[in-house]
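> here are the coordinates; sequence isn't available:
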């Protein structure tokens, strides 16, 4: 099976539309999903501003690696706080509570997820980036989808 990975720059917009979403006020592009990689990993680009971050949560199925392309993040990993700026990365292992805060006007981050599959969570709760706006999902909807993906929110 040929894999068509999308480049980060100069990609014709019509090639990215089916992989670009809005999620909780942020935009996301799935550059490689589990179908592209035989389930091994997913690579997601996220663009966000302060206020659109997730609550503290735990993944039981996958590890994540954040690589900051632009901006600054404060990442909470268990009892640790990491400050990540452009060109820096942080590993977020499964079963360790984590979240992050955008500490700049905006941030652009690559998120490597292994194994793949968790990108489906964002697809289920998102709307196409250029589609008509729809209401944000309710807490009950988010919790239901999160449970199917092995995510527990710590409120």
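It's in. Since the structure is predicted, the reported quantities are computational estimates derived from the model, not experimental observations.
> what ranges do the helices span in the protein?
13-16, 119-125, 139-148 (DSSP state H).
> among the ones you listed, which is nearest residue 108?
The minimum distance between residue 108 and the helices of the chain falls on helix 13-16, with 14.5 Å, by CB to CB. The way it works is simple: take the backbone N, C-alpha and C, and place the C-beta from them, glycine included.
> I'd say residue 77 and residue 100 touch.
No: judged on CB atoms under 8 Å, residue 77 makes no contact with residue 100 at a distance of 9.1 Å.
> more crowded one of those two?
residue 100 (21 against 17; other CB atoms under 10 Å).
> I'd say that one and residue 71 touch.
No: with contact defined as CB under 8 Å, residue 100 does not reach residue 71; the gap is 10.9 Å.
> what do the two both touch?
Counting by CB atoms under 8 Å, 6 or more residues apart in numbering, residue 100 and residue 71 have no shared contacts at all.
> where does the prediction get shaky in the protein?
For the chain, applying pLDDT under 70 flags the ranges 1-17, 127-135.
> could you pull out the strands for it?
Under the criterion DSSP state E, the chain contains strands at 20-23, 26-32, 42-48, 57-59, 63-70, 72-77, 80-85, 89-92, 98-102, 107-114, 127-128, 151-153.
> how about residue 87, phi and psi?
phi 90, psi 0 (degrees, to the nearest 10).
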